[in-house]
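*Asks:* attaching a predicted model along with its sequence, questions to come.
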Amino acid sequence: MSSASLGRRSSLRDLTPEQKRRLLQSQQNRCGHCGWNFNSQEETRTKYQSQPTLDHKVPYRIGGDHDSNLWILCGLCNSMKKASIHIGESGSVWIDNAAYPAPRGLVAFWVLWRHRHCTATGCRKGPSDARLFVTRLNNAGPWVPGNCTVRCAEHHTGNVINY
């Protein structure tokens with residue numbers, strides 16, 4: 001695909017079959033963020049959460065209108081990212097002097113965004129190589145981005161965020 005501006009594309013239906021095939025092939029038929037395999041038979045997600053969706057790495061509204069800016073995310077990652085390009089909060093959300101914990105799905109999304117690969121010693125598997133999971137450091141403490149890390153299916157132990 002060229003990097004020429006070709007106008008807004010909001011879904012996979014807006015791509016030519018060749019563009020879609022090349023994107024999926026370049027990502028090994030996995031979500032570009034969490035590594036979800038689009039051919040997976042796992043039943044841990046809804047149909048919507050499992051479906052491949054088109055996403056702009058930089059939102060279209062602020063200039064992300066080039067083919068090189070496109071990637072395919074699972075429905076779950078796309079719904080978490082939306083049209084944002086910000087970093088995740090490192091803890092609770094404060095509203096009217098009361099603290100509310102960040103939803104675990106958002107914690108998982110931003111931890112995956114920060115690390116982008118398995119952090120086990122010697123392992124560099126990313127979303128095109130394996131399904132990635134978010135777990136707490138030493139399997140203890142709060143579920144906040146500062147206390148979480150990423151592990152591939154081969155290296156995760158203990159509790160993970162069901163993402």
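*Replies:* Perfect, I can see it now.
*Asks:* can you give me the helices for this protein?
*Replies:* Counting by DSSP state H, the chain has helices at residues 17-26, 47-50, 75-81, 104-115.
*Asks:* out of those helices, flag the one nearest residue 123.
*Replies:* helix 104-115 (11.4 Å; C-beta to C-beta). For every residue, glycine as well, the C-beta is placed using N, CA and C.
*Asks:* just how off-centre is that closest one within its chain?
*Replies:* 8 Å (C-alpha atoms, centre = their mean, to the nearest Å).
*Asks:* so which elements touch it?
*Replies:* Using 3 or more C-beta pairs under 8 Å, 6 or more residues apart in numbering; DSSP states H and E as the contact test, the elements touching helix 104-115 are helix 75-81, strand 132-136, strand 148-152.
*Asks:* export those to a markdown table and tack on distance to residue 119?
*Replies:* Shown next, in a markdown table, are those (distance: least, C-beta to C-beta, whole Å):
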| stretch | distance to residue 119 |
| --- | --- |
| helix 75-81 | 19 |
| strand 132-136 | 10 |
| strand 148-152 | 5 |
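*Asks:* per-residue confidence for the most centrally placed residue in the chain?
*Replies:* Centroid check for the chain by C-alpha atoms, centre = their mean gives residue 33 as the closest residue, at 3.1 Å. You'll see residue 33 listed with a pLDDT of 91.
*Asks:* residues contacting the nearest residue to residue 48 once chain neighbours are set aside?
*Replies:* Nearest non-adjacent residue to residue 48, counting by C-beta to C-beta, 6 or more residues apart in numbering: residue 75, 4.7 Å away. By C-beta atoms under 8 Å, 6 or more residues apart in numbering, the contact set of residue 75 is 46, 48, 49, 50, 51, 52, 53.
*Asks:* from the residues you listed, keep the buried residues only.
*Replies:* Among these, those scoring as buried are 50, 51, 52, 53 (criterion: 16 or more other C-beta atoms under 10 Å).
*Asks:* how many neighbours does residue 149 have?
*Replies:* 18 (other C-beta atoms under 10 Å).
*Asks:* bridging residues for it?
*Replies:* residue 135 (DSSP bridges).
*Asks:* now it: how far from residue 126?
*Replies:* 14 Å (C-beta to C-beta, to the nearest Å).
*Asks:* before we move on, back to that, and the contacts of residue 75, which two are furthest apart?
*Replies:* Maximum pairwise distance among the contacts of residue 75 (C-beta to C-beta): 14.0 Å, between 46 and 52.
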